[in-house]
Each structure stands twice: as structure tokens, then as C-alpha cells.
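In: no sequence on hand, only this structure:
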């Protein structure tokens with residue numbers, strides 16, 4: 001789309017239309033400065049000065065400097081939560097959460113160049129990496145909350161919901177990061193579909209066996225009473241540093257045991 005120059009129009013209307021919306025202008029200014037100066041060296045005052053707006057305008061759209069790096073995740077989280085809330089009882093729950101996760105991919109695929117740029121920036125700045133992990137956790141909780149509702153009444157409903165939600169996020173992120181590492185080349189949708197397909201094969205309900213309860217039969221009373229030992233963690237001997245490792249632990253396990261399991265899963269124990 002072409003636009004008129006800022007000086008055209010007697011009342012400046014065409015010039016106003018040519019300028020990007022303030023939110024997009026702030027994001028563009030922020031990333032320009034992040035690339036030129038570095039993230040840590042860029043302040044909110046620097047961003048608003050380049051964008052030509054005031055500090056109040058910045059905080060009207062973004063609570064913090066970190067939020068300007070991830071300007072679309074709040075919208076995506078809202079859309080994904082609404083998508084899950086609109087589910088019917090006949091929707092197969094694992095397929096439904098996989099379809100919800102695909103909505104996250106859409107925000108990355110809308111602008112591959114920006115997504116790759118943000119990925120590179122996040123890798124360099126530990127604070128942004130921590131912020132990103134908190135965002136990912138919110139996606140996972142939204143998926144888990146939906147699945148907990150669908151598996152309510154099952155003896156393993158909460159555990160099953162949390163494990164499936166973690167698996168969906170891990171599969172999605174593994175494929176997404178592979179695409180980002182390739183500079184956004186290739187078919188991201190195909191890669192994510194393949195990864196999520198593995199989750200559906202492992203946890204989903206086969207066609208014709210009922211939509212809502214998953215393929216596994218409920219545990220017997222004896223099985224429910226007898227606690228099962230956790231499966232031994234295996235060191236990660238290959239993979240990429242960005243790969244996601246999921247460790248499942250008992251809720252009442254002491255913190256030192258959880259840390260030990262994480263270190264073992266990462267091959268550091």
C-alpha cells in the first residue's frame with residue numbers, strides 16, 4: 001500500500017494517515033534503537049524521543065520496556081483463551097489445545113523478519129529470555145486450565161492436563177525455534193503441525209472412541225492408592241541449546257529434589 005507524503009493535504013489529514021499508528025511507531029523506534037545501541041543501553045526516553053511522542057503515550061501501550069519487545073502476546077493470549085472457552089463438549093480436547101497453540105504461530109508468521117529479529121535479541125539479553133519464559137508459562141497455564149476442565153472427575157485429570165499442556169508447548173516451541181534459527185525460511189506451519197501431531201498421537205483420543213476423555217482408561221482403586229515411582233530422568237546427550245526439557249515432579253517433592261531432577265534431565269547431575 002502506498003501513502004501520501006506528510007506534507008500533502010491542506011489540513012494535514014493525508015499526512016496523518018501516512019504515519020503508522022502510535023503503537024507500531026513505538027515498536028519500530030524501540031527495535032531500531034535496540035539494534036543501534038543495544039537493549040540495555042536504550043531507555044524509554046530514547047524510544048519516545050525517536051517516535052516523537054511523550055512518556056505517557058508509551059506507558060499507555062506498554063507497561064515496561066520488556067513489553068515493547070513482545071507487543072503481540074497479550075492479544076494472542078486473549079484470543080487463544082477465547083478460542084478455548086468457545087470449545088464444544090464434542091471437541092477432542094488434545095486436538096483443541098493443539099489448534100489453540102497454532103494461533104501463537106500465526107503472530108510469528110505475520111512478520112517473519114520481525115520475529116527473527118526479536119528471537120536474536122532475546123537470545124542476547126538474559127532479562128528478555130526470562131520475560132519470554134514467563135509469557136510461555138502463561139500460555140501453558142491457559143492450555144492446562146482448559147484441559148483440567150475437560151478431564152475433571154478423572155483420578156489423573158490434573159496430572160494429565162498439566163503433562164499434555166507442557167508437551168504441547170514444548171512441541172510448538174521446538175518447531176518454532178527451528179524455524180527462527182533458519183531466519184524464517186521454510187514452512188513454519190508444516191513444522192509445527194508435525195510436532196503437534198506427535199502430541200496428538202501420544203495423548204489424543206482415536207476417532208470413534210469418544211471425544212472428551214482421552215484414550216487411557218481410568219486407574220483402578222488399587223492403582224490410585226499405590227503411588228507410582230517417577231520415571232528416571234535421562235541426561236540430554238544431543239540437541240540444541242534452545243531445546244525445551246520438561247520435567248514432571250510430585251507437587252509435594254522437596255525443592256532440592258526438583259532441582260536435582262532438572263539438573264539430571266539437563267545432563268548436569
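Out: Received, thanks. These numbers come from a predicted model, not from an experiment.
In: where does the prediction get shaky in this protein?
Out: Low-confidence segments of the chain (pLDDT under 70): 1-20, 206-269.
In: could you chop it up by domain?
Out: Using automatic domain parsing, the domain ranges for the chain come out as 18-69, 74-205, 235-269.
In: redo those as JSON lines? Include mean neighbour count.
Out: In this view, the C-beta of every residue, glycine as well, is placed from N, C-alpha and C. Converted to JSON lines, the domains of the chain look like this (neighbours: other Cβ atoms under 10 Å):
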{"stretch": "domain 18-69", "mean neighbour count": "16"}
{"stretch": "domain 74-205", "mean neighbour count": "17"}
{"stretch": "domain 235-269", "mean neighbour count": "12"}
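In: identify the residue nearest residue 106 in space, chain neighbours excluded?
Out: Counting by Cβ to Cβ, 6 or more residues apart in numbering, residue 106 lies nearest to residue 76, which is 7.8 Å off, once chain neighbours are set aside.
In: er, residue 77 actually
Out: The shortest distance from residue 77 to any non-neighbouring residue, by Cβ to Cβ, 6+ apart, is to residue 138 (6.0 Å).
In: so how far is residue 144 from the one you found?
Out: 11 Å (Cβ to Cβ, to the nearest Å).
In: these two touch, right, residue 40 and residue 125?
Out: Yes - counting by Cβ atoms under 8 Å, residue 40 touches residue 125, with 7.1 Å between them.
In: check which helix or strand covers residue 84.
Out: Assessed by DSSP states H and E, residue 84 sits inside helix 73-85.
In: need the contact partners of that helix.
Out: For helix 73-85, contacts defined as Cβ atoms under 8 Å, 6 or more residues apart in numbering pick out 96-97, 99-101, 103-104, 106-107, 135, 138-139, 142-143, 146.
In: rerun that using 6 Å as the cut-off
Out: 100, 103-104, 107, 135, 142, 146 (Cβ atoms under 6 Å, 6 or more residues apart in numbering).
In: please apply the same query to stretch 118-126.
Out: By Cβ under 6 Å, 6+ apart, the surrounding residues in contact with stretch 118-126 are 34, 39, 128-129, 132, 180.
In: in a markdown table, list those along with secondary structure and distance to residue 120.
Out: Output for the contacts of stretch 118-126, formatted as a markdown table (DSSP: H, G, I helix; E, B strand; the rest coil; distance: Cβ to Cβ, whole Å):
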| residue | secondary structure | distance to residue 120 |
| --- | --- | --- |
| 34 | helix | 10 |
| 39 | coil | 11 |
| 128 | helix | 11 |
| 129 | helix | 12 |
| 132 | helix | 13 |
| 180 | helix | 8 |
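In: from those residues, which two are the most distant?
Out: 39 and 180 (17.6 Å; Cβ to Cβ).
In: the contacts of helix 73-85 in helices, which ones?
Out: Residues of the contacts of helix 73-85 located in helices (DSSP state H): 100, 103-104, 107, 135, 142, 146.
In: helix/strand/coil for residue 71?
Out: coil (DSSP: H, G, I helix; E, B strand; the rest coil).
In: please report phi then psi for it.
Out: With angles defined as degrees, to the nearest 10, residue 71 sits at phi -70, psi -10.
In: on that earlier part again, I'd like the contacts of helix 73-85 as JSON lines, with distance to residue 82 appended.
Out: Output for these, formatted as JSON lines (distance: Cβ to Cβ, whole Å):
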{"residue": "100", "distance to residue 82": "10"}
{"residue": "103", "distance to residue 82": "10"}
{"residue": "104", "distance to residue 82": "14"}
{"residue": "107", "distance to residue 82": "15"}
{"residue": "135", "distance to residue 82": "18"}
{"residue": "142", "distance to residue 82": "10"}
{"residue": "146", "distance to residue 82": "11"}
